[in-house]
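Colleague: A predicted structure for the sequence below; I have some questions about it.
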Amino acid sequence: MLIINGIDELRRRVGTELGVSSWHEITQERIAAFAAATDDYEELHLSPERAASTPWGVTIAHGLFTLSLGPKFMYEIYEMRGLSLWLNYGFDRVRFVSPVPVESRVRMRAQLTAVDDVEGGVRARILETFEIDGHAKPACVAESVVAYFD
């Protein structure tokens, strides 16, 4: 895990890769739990019978489920120290490039692309690329924005 000590050190890392998370298995149970938490019961995610007739032949994870793994992966990749507060500020761009089949594994690669001043701190832009084990194309590419305060 990368340790970043304060905003000045964060600024020096602009343009660099912060790291890559470990692999995370996408099980049908986790997909069903996400469906229950969000009331998104699309059969493509939950019904193996329905999914068998799709190009993938199996259920796939919700795109938002994949994206929601971002904070989990960020905690694995790096830790900010010497700050009073940090907040998820949102996303400027999100694209779901490839479906994530059940029983596949995903991980996230994080690259710091910018650090911009705001009152009392900064907003960091992090390119999050969610990779699927054994697939050439990523599952999701997103630009997240995190606010850090001194």
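Modeller: Thanks, I have the structure now. Since this is a predicted model, take the numbers as computed values, not measurements.
Colleague: When you work out contacts or count neighbours from here on, use the C-alpha atoms and nothing else.
Modeller: Will do.
Colleague: which one's the longest helix in the protein?
Modeller: Longest helix in the chain by number of residues, with DSSP state H as the criterion: helix 28-38.
Colleague: pLDDT averaged over that one, what's the number?
Modeller: Model confidence over helix 28-38, given as mean pLDDT, is 98.
Colleague: List the buried residues in it.
Modeller: Neighbour-count burial for helix 28-38, counted by 16 or more other C-alpha atoms under 10 Å, picks out 28, 31-32, 34-35.
Colleague: And Val14, which helix or strand is it part of?
Modeller: Using DSSP states H and E, Val14 is not contained in any helix or strand.
Colleague: In the protein, mark out all the helices, start to finish.
Modeller: Secondary structure of the chain, counting by DSSP H: helices at 6-12, 28-38, 43-46, 48-51, 63-68, 70-77.
Colleague: ok, back up a step: want to throw the buried residues of helix 28-38 into CSV with distance to Arg13?
Modeller: Below are those laid out as CSV (distance: C-alpha to C-alpha, whole Å):
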residue, distance to Arg13
Gln28, 37
Ile31, 35
Ala32, 38
Phe34, 34
Ala35, 37
